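Colleague: Curious how this folds, go ahead:
(4 chains)
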Number of protein chains: 2
Amino acid sequence: MDLTILATSQLIEYFKQYFPLDEKERYELIRLFAEKQVKRRHYILQQGDVCQYYTFVVTGCFKMYHVDQKGVEHNLQFVAESDWIADLSSFYSEKPSLMYIEAIEPSTILQIKKADLLYLFINHHKFDRNFRIITEQKYMELQNRVLENISSTGEQRYQSFLARYPHLASRLPNSQIASYLGITPEFLSKIRSSLVSKDKS
Amino acid sequence: MDLTILATSQLIEYFKQYFPLDEKERYELIRLFAEKQVKRRHYILQQGDVCQYYTFVVTGCFKMYHVDQKGVEHNLQFVAESDWIADLSSFYSEKPSLMYIEAIEPSTILQIKKADLLYLFINHHKFDRNFRIITEQKYMELQNRVLENISSTGEQRYQSFLARYPHLASRLPNSQIASYLGITPEFLSKIRSSLVSKDKS
DNA sequence: CGAAAATTTGACATGACTCAACTGGAGTGG
DNA sequence: CCACTCCAGTTGAGTCATGTCAAATTTTCG
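Modeller: As a prediction, this is how the structure comes out:
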């Protein structure tokens, strides 16, 4: 049995949210996306490498992060089922990435190479549209995050993260969430214990 | 003389960076984008209104900001010549916006309505591609900003802003830059004076 | 079960905010 | 051309938010 077809059918379902795909388009997805299993703590991108693939997460969960000069990790994003991940800047420029993309859970992914994605864009312009819409949605999310970063305290950002991404919050260690919020794990721990005492009162 | 054609020619030049346009496409741009003059301190979007237009800035400069419950402004972005501005979230959902978009300088803009933009996407798929690329680039920029927000001090973010957007920094009052960076104007002033004494030594 | 990782806690240090007072231009009107 | 106002920017004192480091505790997973 060809597992790729199973995984790809999830990708096809995903695209149907936006626009129905015809048979030729479905065929191209099956042909151009390669399935891969990734173990927990394994990388699909490491700092210094060029990001070669645009990745669709079928099952599992990843984090993309940067490591600064002091060796501290800063989580830029988490992605789980039916979501996309790539370091776009490295992917399009073909320059070494500053990021790591690491599996937080054992995961199944579908990957497409840059040349194949460009082929898709040129020959099936529906994908230009799909990726325009996907990117616009991610842009809005990111804009929201920036707004919170410049206007809210760590406590407010934490509560907002819990409310917005409950499916992620329950799967992630707090230290990872702290890194995403831009605070230290110690400080997040203090926030959490102060929330507990607020709840009681 | 039709000034719209002059302004639109700048828009056409802008699109040429990505892909050349044929005559029909140029004609559609001229037909669907409306030129407008905006005076300093005037708004093209106010909180509570639906964002009706996707706006291309021909000359001048705008800021998009949110006003929180305490009445404090938080600058989400600045845009100047040959750049785009809209509250995408309100534009696509047609729900009231939480943002203001205000001219910082007397400006000339070109605006397109949602229905006309969708018409463009459907009938000239090159624009799906152009806007996919534009949004991808803005996404990368925003991702960079998030990374700085969660990993750097106010001083580092200020220096990085000066280096990355010199054409904006020279035109903006410091209080506006402080709001963009997520710090108070007083604190930015202290950062600036500490940088001066560092320079001397 | 045991080792390693994650979380909590406390003392202290620093970044950043608040508020209020002061300074120094950039208009504006006489 | 001067006096006046107004607003952005600066400065200082006190405070709050968050970071640092180290140690204790709990949880996770092999």
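Colleague: Next up, the contacts around A:Thr55.
Modeller: Residues in contact with A:Thr55, defined by CB atoms under 8 Å, 6 or more residues apart in numbering or on different chains, are A:Ile44, A:Phe62, A:Trp84, A:Ile85, A:Ala86, A:Ile101, A:Ile109, A:Leu110, A:Gln111. (Each C-beta comes from the backbone N, C-alpha and C, glycine too.)
Colleague: Swap in 10 Å and give it another go.
Modeller: Listed by CB atoms under 10 Å, 6 or more residues apart in numbering or on different chains, the contact partners of A:Thr55 are A:33, A:36, A:38, A:44-45, A:62, A:79, A:83-86, A:91, A:101, A:107, A:109-112.
Colleague: now A:Leu6
Modeller: Listed by CB under 10 Å, 6+ apart, the contact set of A:Leu6 reads A:Glu35, A:Val58, A:Thr108.
Colleague: Which strand or helix spans the last one?
Modeller: Secondary structure from DSSP states H and E places A:Thr108 in strand A:107-113.
Colleague: same check, this time on A:Ile134
Modeller: Counting by DSSP H and E, A:Ile134 is part of helix A:125-151.
Colleague: you'd agree A:Asn149 is up against B:Tyr180?
Modeller: No - using CB atoms under 10 Å, A:Asn149 is not in contact with B:Tyr180; the gap is 11.4 Å.
Colleague: Which one of these two is surrounded by more residues?
Modeller: Applying other CB atoms under 10 Å in any protein chain shown to A:Asn149 and B:Tyr180 shows that B:Tyr180 carries more neighbours, namely 25 against 18.
Colleague: what's the nearest residue to the more buried one if we skip its chain neighbours?
Modeller: B:Asn75 (4.1 Å; CB to CB, 6 or more residues apart in numbering or on different chains).
Colleague: Which residue ranges of chain A form helices?
Modeller: Ranges of helices within chain A are A:3-16, A:23-32, A:88-93, A:114-123, A:125-151, A:154-164, A:166-169, A:174-181, A:185-200, based on DSSP state H.
Colleague: With distance to DNA strand C and mean pLDDT added, can I get the ones you listed in a markdown table?
Modeller: Output for these, formatted as a markdown table (distance: least, CB to the nearest atom of the strand, whole Å; pLDDT from 0 to 100):
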| stretch | distance to DNA strand C | mean pLDDT |
| --- | --- | --- |
| helix A:3-16 | 28 | 85 |
| helix A:23-32 | 35 | 94 |
| helix A:88-93 | 25 | 98 |
| helix A:114-123 | 32 | 97 |
| helix A:125-151 | 9 | 97 |
| helix A:154-164 | 11 | 97 |
| helix A:166-169 | 11 | 92 |
| helix A:174-181 | 3 | 97 |
| helix A:185-200 | 3 | 88 |
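Colleague: near DNA strand D, which residues of chain A?
Modeller: For chain A, the contact set with DNA strand D under CB under 7 Å from any atom of the strand comprises A:Arg40, A:Thr153, A:Gly154, A:Glu155, A:Gly182, A:Ile183, A:Thr184, A:Glu186, A:Phe187, A:Lys190.
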